[in-house]
Structure formats: structure tokens, C-alpha cells
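Student: mind folding the following:
(one chain, ligands or ions: 1)
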Amino acid sequence: MTQFAHDSVLPDKQSSLSKKEQVENMFNNISGTYDFLNKFLSLGIDRRWRKKALMQLASLKPHALLDVATGTGDMAIQAVKLLHPISVTGIDLSEKMLELGKQKVKKEGFNNQIELLKGDSETILFSQNSFDAVTVAFGVRNFEHLEQGLSEIYRVLKPGGKLVVLEFSKPTSWLIKPFYFTYLKLFCPLAGRFFSKDKTAYQYLNQSINKFPEGKNFTRILDHLGFKNSYLIKLSLGICTIYCGEK
Ligand SMILES: C[S@@+](CC[C@H](N)C(=O)[O-])C[C@H]1O[C@@H](n2cnc3c(N)ncnc32)[C@H](O)[C@@H]1O
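Tutor: From the prediction side, this is the model:
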């Protein structure tokens with residue numbers, strides 16, 4: 001399946017577990033502090049990034065939306081608020097992230113619109129042409145087999161449906177690069193270790209961002225898998241990027 005050279009970074013290189021098992025364990029471990037650290041480390045900007053990503057679907061007015069790697073459900077919840085679809089299905093490997101997501105969905109009163117299920121992006125348990133739109137926020141970087149996950153998403157999208165991916169990327173400006181890399185390499189792992197008590201998760205964040213096939217490399221993968229009209233939008237001086245493609 002892999003046509004494009006890109007390294008898949010492991011949370012723990014010493015472990016004999018597969019990347020998928022390691023990622024599942026890691027998110028189960030950090031689930032309790034995930035939402036807090038997201039907001040703390042991004043200074044709350046993640047909310048604006050998610051909104052901008054979801055607005056790429058505004059003109060499509062999707063009825064059935066799939067949020068892959070939904071985690072604690074932030075994207076699914078914002079999708080209901082902004083796009084008013086009939087249903088949002090969120091899938092994720094991590095039971096503990098989903099458990100917190102279910103509590104948030106209930107609290108928001110969205111039990112009738114949002115269903116969160118355990119599921120793997122690389123073998124999506126829905127038939128082809130099921131969804132008008134698919135979103136993945138900060139998830140594709142964690143896939144064990146990136147192209148397998150993306151081709152599964154393509155399969156479950158309806159013809160004319162749209163994929164929106166939100167993912168970290170490296171800033172392009174020389175002015176902010178030194179600050180950003182200090183922040184990512186030193187501050188995030190320290191804060192992550194302090195709050196989540198997980199030594200590796202926030203080192204993995206830095207390493208996986210560094211190795212991710214970002215920018216045009218990512219849209220080339222989408223094109224290769226059959227997505228049409230792919231495009232990207234850089235956010236916040238390039239530290240985050242929205243990628244889109246249609247079936
Ligand atoms: C950084 S979190 C992002 C969660 C959420 N989308 C958000 O925006 O906060 C990454 C999530 O991807 C999930 N994940 C990683 N690989 C996956 C896969 N193959 N299938 C489903 N979920 C996966 C992890 O369990 C984790 O919850």
C-alpha cells in the first residue's frame with residue numbers, strides 16, 4: 001500500500017507492541033488530562049482551528065458525518081453546533097478517550113445526534129458510500145498505516161463527499177521557528193510529563209510532527225488515493241494545516 005516514503009514514528013521504540021497498540025495505550029493513559037493539556041498547550045487556539053476546518057464543509061451541508069480518531073469528541077460536538085447534520089458518528093481506538101467523549105456529548109444534550117464507537121480508521125466498520133463528509137483532527141499523524149486509513153475514509157465517503165483533515169505542521173517563518181521548536185521539544189514534554197505523568201506521549205508529539213508528510217506531500221497522497229480537488233490551508237503561521245479532498 002505504501003507508495004510514498006514517510007517514517008511512521010512509534011511512541012516507544014523499545015516496545016514490541018505495534019504502533020496501533022502503543023497509540024491506543026498511550027491515549028488511554030493520557031485521556032484524563034488530554035482536554036486540559038490541549039487547551040493549555042495551544043492557549044485555546046485549537047477551538048478556532050477546529051471551527052475553521054469544519055467551515056470547509058459549510059457549503060456541502062452534510063447530513064451524515066464521520067469523525068475519525070474522534071478522541072474525546074470535540075470535533076463531533078463542534079460539528080453538530082456549526083453544521084447541524086442529522087448524525088455524527090465518531091470512531092476511535094481508545095476506549096477511555098471515548099468514555100470522556102460520551103460524557104461530554106451527554107452534557108451537551110447531543111445524545112440523539114452523536115454516536116461514539118470504538119473503531120479503527122484502517123478497517124472502518126461501515127459500508128462504502130455511507131457518509132457525506134469525514135473529519136479527522138490531529139488523528140492521521142497517529143495512524144499506523146497512513147494510506148490504508150485514508151483509503152478506508154475514501155471508501156466510506158459518498159461520491160461528492162468531502163474529507164477534512166486538521167493536523168499539526170511545522171512553521172515556515174524563520175522568525176518563529178526557534179521559539180516553536182523550543183516550545184515543542186522542551187516545554188510540551190515537560191508540561192505533559194508533569195500533568196499527565198506520561199513520559200513519552202509529549203515527546204512522541206514532537207517526533208511525529210517532525211516526521212509527518214505535511215503540506216504538498218500530504219495532498220499528493222490524497223491525489224494518489226483518488227481524492228479530487230485537494231487543497232490545503234495553513235493556519236497560525238503554519239503550525240497547523242487543514243487538508244481537504246473530495247470523492
Ligand atoms: C491527538 S488525539 C485527537 C483526538 C480528537 N480528534 C481531537 O481533535 O482532540 C488522536 C486520537 O487518534 C486516535 N487514533 C489513532 N490511531 C487511530 C486509528 N487507527 N483508528 C482510530 N483512532 C485512532 C487515538 O486513539 C486518539 O484518540
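Student: could you pick out the longest strand of this structure?
Tutor: If you go by DSSP state E, the chain has its longest strand at strand 157-168.
Student: now do the helix or strand following that one: distance to the chain's middle.
Tutor: Downstream of strand 157-168, the first helix or strand assigned by DSSP states H and E is helix 177-182. Relative to its chain's centre, helix 177-182 lies at 23 Å (C-alpha atoms, centre = their mean, to the nearest Å).
Student: can you check stretch 109-125 too?
Tutor: 14 Å.
Student: what residues sit buried inside it?
Tutor: Phe110, Gln113, Ile114, Leu116, Gly119, Asp120, Ser121, Glu122, Ile124 (16 or more other C-beta atoms under 10 Å). (Glycine included, C-beta is placed from N, CA and C.)
Student: could you pull up the mean pLDDT of it?
Tutor: Averaged across stretch 109-125, the pLDDT comes to 97.
Student: so which residues make contact with that stretch?
Tutor: 20, 66, 68-70, 73, 76-77, 80, 85-93, 95, 98, 101-102, 105, 136, 139, 143-145, 148-149, 152-153, 155-156 (C-beta atoms under 8 Å, 6 or more residues apart in numbering).
Student: hmm, back to that, remind me what the longest strand of the chain packs against, helices and strands.
Tutor: helix 45-55, strand 131-137, helix 146-156, helix 216-224, strand 240-246 (3 or more C-beta pairs under 8 Å, 6 or more residues apart in numbering; DSSP states H and E).
Student: quick check: which of those is buried the most?
Tutor: Comparing the helices and strands packed on strand 157-168 by mean neighbour count (mean count of other C-beta atoms under 10 Å), strand 131-137 ranks first with a mean of 26.
Student: and that strand, what does it pack onto?
Tutor: With 3+ C-beta pairs under 8 Å, 6+ apart as the test, strand 131-137 has helix 45-55, strand 64-68, helix 74-83, helix 146-156, strand 157-168 packed against it.
Student: what number of residues lie near the closest residue to Lys158 other than its chain neighbours?
Tutor: Leaving aside its chain neighbours, Lys158 sits nearest to Asn129 (4.6 Å; criterion: C-beta to C-beta, 6 or more residues apart in numbering). By other C-beta atoms under 10 Å, 14 other residues sit near Asn129.
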